[in-house]
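>>> generate a structure from the sequence data that follows.
(3 chains)
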Amino acid sequence: MSSMKNGSATAGGGRRAAWWLGLAILVMGAVWLNGARSIASTTNYVGLGPSAIVLAVGLGLVLLGFLLIVQALKGQLAPPSEDEEEAPFSRPAFLMALAGVGVPLLTIRWLGFPFSAMLAFTLVTHAFGSRRTLLDLGIGALIASLAWLGFSRLGISLGPFFPLLG
Amino acid sequence: MLKRLTMAGVLALGLGAGTALAEPAKVMIPANPGGGWDGAGRHTMAAFAQSKVFTDGASFTNKGGAAGTIGLAEFVRTAKGDDNALLVTGVIMVGGVITNQTPVSLKDTTPLLRLTNEYNAIAVPANSPIKTPADFIAALKADPGALSVGGGSAGGADHVMLALLAKHAGAPVGKINFVAFSGGEILAALGGGKIKAAISGASEFRAFAESGRIRIIATSGPTRVEGLNAPTLKEAGIPVEVGNWRGFVGAPGMSDAAKKTWLDRFAKLHATKEWKETLKTQGWEDAYLPGDAFDAFLKSEDANWTSALKEVGILK
Amino acid sequence: MDILNQLLGGFAVALQPMNLFWAFVGCGLGTAVGVLPGIGPALTIALLLPVTAQVNPASAFIMFAGILYGALYGGSTTSILLNTPGESGSVMTALEGNRMARRGRGAAALATAAIGSFVAGTIGTLALTFLAPAIAELAFVFGPEDYFALMILSFTSVAVVMGRSMVRGFAALFFGLALGTIGIDTQTGQTRMVFGTLELLDGIPFTVVLVSLFAIGETLYVASRSGAAPAAINPLSGGSWMTKQDWKRSWKPWLRGSVIGFPIGALPAGGTEIPTFLSYALERRLTPHPEEFGQGAIEGVAGPEAANNAAAAGILVPLLTLGLPSTATAAVLLAAFQNYGLQPGPLLFATNPDLLWGLIASLYIGNVILLILNLPLVGIWVRLLLIPRQYIYGGIVVFAMVGVWGLSTSWMDLALMCGLGLVGYVARVHDFPIAPTLIGLILGPQAEIQLRRALAVSQNDWSVLVGTPIAATLLGIAALVLIVPPLLARLRRRASAEEEPATSAGRAG
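Sure, this is the predicted structure:
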């Protein structure tokens, strides 16, 4: 559901009028409307039923999505905010950072928290233009292991250190 | 907030002296730290250590969510065949398995025993015209919708108890007016007269009843709760007995020898004065029910809850 | 005078060296967990509960009080410097605080947050000392319809954080409301919008949304635009301290924040977030510098931070006087009392005055300790920004993972972090405000529950919603808040058509 809103990698574009964002909100609204329909309406409850709010939220999202599309097609969606000292968008950097956030999804069950966090750290530093891979891996491993150890001592389990070893 | 944490060795106060399986127990708590199940797990293991019945210590894993069924699923998945793995369980999990229609259930574990119970109480605002259980039943019968009754989350023991009371009163169960609350809000709403009555754990009401803001009109156990001047429902001729029981089950495929070892340990624990002390400080009723009797009890709970949840409209 | 004597007795307990030591430990721990995303005071105290077996009650509660207050002091730091709030109570602080930091005024923002927390914490503690029994009675006066009216009044504060486009602001708000509907409906036990996933039955954890939208979204955004000249901010370019002007602009918001925060915090369903929303909205309406809001107005940091801390003192009112826990933190504190076989309530003041008054005295001391700890830290914190950016953001991602994965080591939570992080990024790029999403997620479910409780109790008689004086008054204020400013703006525009059209338009938003 959440991923629905961002659509695909087209997210990277500039601040042009984005009609697809309106569409995403509209689709999300439709999903919620459909969800409200399928929530069993309990007659055994005295007050407002469980589907009323879902219905209202769905209607709101559909309406807002529609308005966003109209605004986008009219070219009314606001210009970029003027206060940022903007560097141009860099697709490789964006994808690298996204990989950093996403890679633990693939690895955390096999490699555990410390190694996954180390990989995430290194990918993010590379997205920022760092090329000292070994140093970054080292710093990442250090931070991640310290976090794992520290939180384990506090009593917060971050899973096994290295699940592949049992 | 944090649903999971392990606290290995915190309670490993025991000084060696190995019993049969000289390994710490691995206790899965299917709730967040601080709640009822968390207390049941940790205080029980602490009593084991203090009474020297089982001194090999315990490690805890909290995995809360979905009425304990997420912890149950995790336990069935990870603890298979582990003779030292225990899961804290209780009536809420029985209800959760039924309402969430989870693929795993308590049948996938090795039931050990019921250990404690916390009976419910019915309370009303101090100035309420409802003074006895009979008054409550009469009000329920006269107009179930007008009698707003607060309680914990929908589908929980409080809700089911109201449904059973309505059934006894001959009122349509579909018309009861159950209002769900969480935490201390229910006490404020009841004390302020925002709701007509409330059903919750007897210990929760006690302090407010003592300060005279609310009145406890009945408790739901087989005997009166010590120190509470309120009759049981049974005394009032209402055959409704609902309690928030808690107990332990073992890992799926736990060996018969290990099952016997654990039941022996719990039997020994149950006889110690340390355990009696724990029951008292925690406000738990002794509800020791081991082995086969517990198996039968689980089956009857499952049947009772399925029918009650159908009647309150939670289960289709 | 009786209260004063007992308070003095409390200070005698709290000032014992051992108890002072525990107060320091608590304040330090609290500040640390406040900085980390997802790890709050409730969890920290829950983890330390076993300590209660070894320490005497007075020392334990003095330490817990330090954690409670310390987390609030620490929570503002990451909001201001990195735009990544660690707790729900510091979301509003990020709005203006981070803008200030970007303009090189980070030190002043941190200072006004710390001093505001001190002022409000002390006022809140004074109110707790002298007004607690009276304020506690509010708990019984407020019914579901009154809470619902309070939520509606809080929703009107969303209007001021909408950004430049109402449509986008509402889209963000409804996105948050939609996320808030996911999970089991507490009133009927029906599942809603869980798409057959067991992990979603309890809803999307607030921490995951907070961390993803802010920290992950921010990281993706900055990374994708870091290629050219690194935009180095000199953290000290705006002076390292509050100017005379800053003081002048801060003291009233501190006081107003305290006045809003304490009573709402004292309500069983009040919490610490709502006062920050209301305070931010109020400061934005009252400020003589409306043009600075959205660009880093110091009032927008001073008010919410004060409201947050005063509310924390308020939370102790129903807990200590009635034994009524109103937040997760209060529930854990109640469990701690019960571990000692103590039941908070009026009786406890009679049976254990040393413990209770020692605890209350330690709140005063804790505030002083935290001020002493935090003001020098301001200089150190701002220098964090001098660390190369790749390491700051790499570290943010690692700690975001700690907060999300540590919740319940759930893969689903990590996936949500990734997806919602992208949403946060898209929002940033396309100029959607994030705060309305979080406000919707916090207030939506609460407003829904209170509305439905009110209607259930009244058996679907909608007139109950204006049926009490409190509800009617709060809804009236909410209506005025919505109607009056645009009206005034229109009148003003008519009066001086050529003067500052941007200002009035901004206020009308």
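
>>> and residue C:25, how far is that from residue B:75?
35 Å (CB to CB, to the nearest Å). For the C-beta atoms, the positions are set from N, CA and C on the backbone; glycine is no exception.

>>> out of the two, which sits in the more crowded spot?
Of the pair residue C:25 and residue B:75, residue B:75 is the one with more neighbours under other CB atoms under 10 Å in any protein chain shown, namely 30 against 17.

>>> quick one: buried residues of the strand or helix carrying the more buried one?
Using DSSP states H and E, residue B:75 sits within helix B:69-78. Neighbour-count burial for helix B:69-78 flags B:69-76 (criterion: 16 or more other CB atoms under 10 Å in any protein chain shown).

>>> got it, and stretch C:135-148?
C:135-136, C:138-140, C:142-148.

>>> got phi/psi on residue B:142?
phi -60, psi -50 (degrees, to the nearest 10).

>>> so can I have CSV of the buried residues of helix B:69-78 showing distance to residue B:261?
Shown next, in CSV, are the buried residues of helix B:69-78 (distance: CB to CB, whole Å):
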residue, distance to residue B:261
B:69, 28
B:70, 28
B:71, 23
B:72, 23
B:73, 26
B:74, 24
B:75, 19
B:76, 21
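
>>> ok, these vs residue B:100, which is closest?
When the buried residues of helix B:69-78 are ranked by distance to residue B:100 (CB to CB), residue B:69 comes first, at 5.3 Å.

>>> surely that closest one and residue B:100 touch.
Yes. Residue B:69 sits in contact with residue B:100 when judged by CB atoms under 8 Å, with a separation of 5.3 Å.

>>> which neighbours do the two share?
Common contact partners of residue B:69 and residue B:100 (CB atoms under 8 Å, 6 or more residues apart in numbering or on different chains): residue C:198.

>>> is the helix or strand in which residue B:98 is found anywhere near chain A?
Secondary structure assignment for residue B:98, by DSSP H and E: helix B:91-100. No. Against chain A, helix B:91-100 shows no contacts by CB under 8 Å from any CB of the partner chain, the least distance being 12.0 Å.

>>> helices or strands up against the following helix or strand past that helix?
Following helix B:91-100 in sequence order, the next helix or strand is strand B:110-117 (DSSP H and E). Packing contacts for strand B:110-117, counted by 3 or more CB pairs under 8 Å, 6 or more residues apart in numbering or on different chains; DSSP states H and E, involve helix B:36-50, strand B:246-250, helix B:256-271, strand B:285-290, helix B:291-311.

>>> nearest to chain A, of those?
Chain A sits nearest to helix B:291-311 of all those, at 8.4 Å, using CB to the nearest CB.

>>> about what we covered before: what angle separates the helix holding residue B:75 from strand B:246-250?
20 degrees (axes from the mean of the first three to the mean of the last three CA atoms, to 10 degrees).

>>> hmm, who's touching helix B:69-78?
B:28-31, B:62-65, B:85, B:87, B:89, B:93, B:96-97, B:100, B:102-106, B:108-109, B:251-252, C:198-199, C:201, C:408.

>>> give me that answer again for 6 Å
Contacting residues not belonging to helix B:69-78 are listed as B:28, B:30, B:63, B:87, B:96-97, B:100, B:102, B:104, B:108, B:252 [CB atoms under 6 Å, 6 or more residues apart in numbering or on different chains].

>>> what domains does the record give for chain A?
Taking automatic domain parsing as the reference, chain A has its domains at A:2-73, A:91-165.

>>> and chain B, which of those domains is closest to it?
domain A:2-73 (3.1 Å).

>>> in the stretch 201-316 of chain B, what residue comes closest to chain C?
Taking CB to the nearest CB, the stretch 201-316 of chain B has residue B:314 as its residue nearest chain C, at 4.4 Å.
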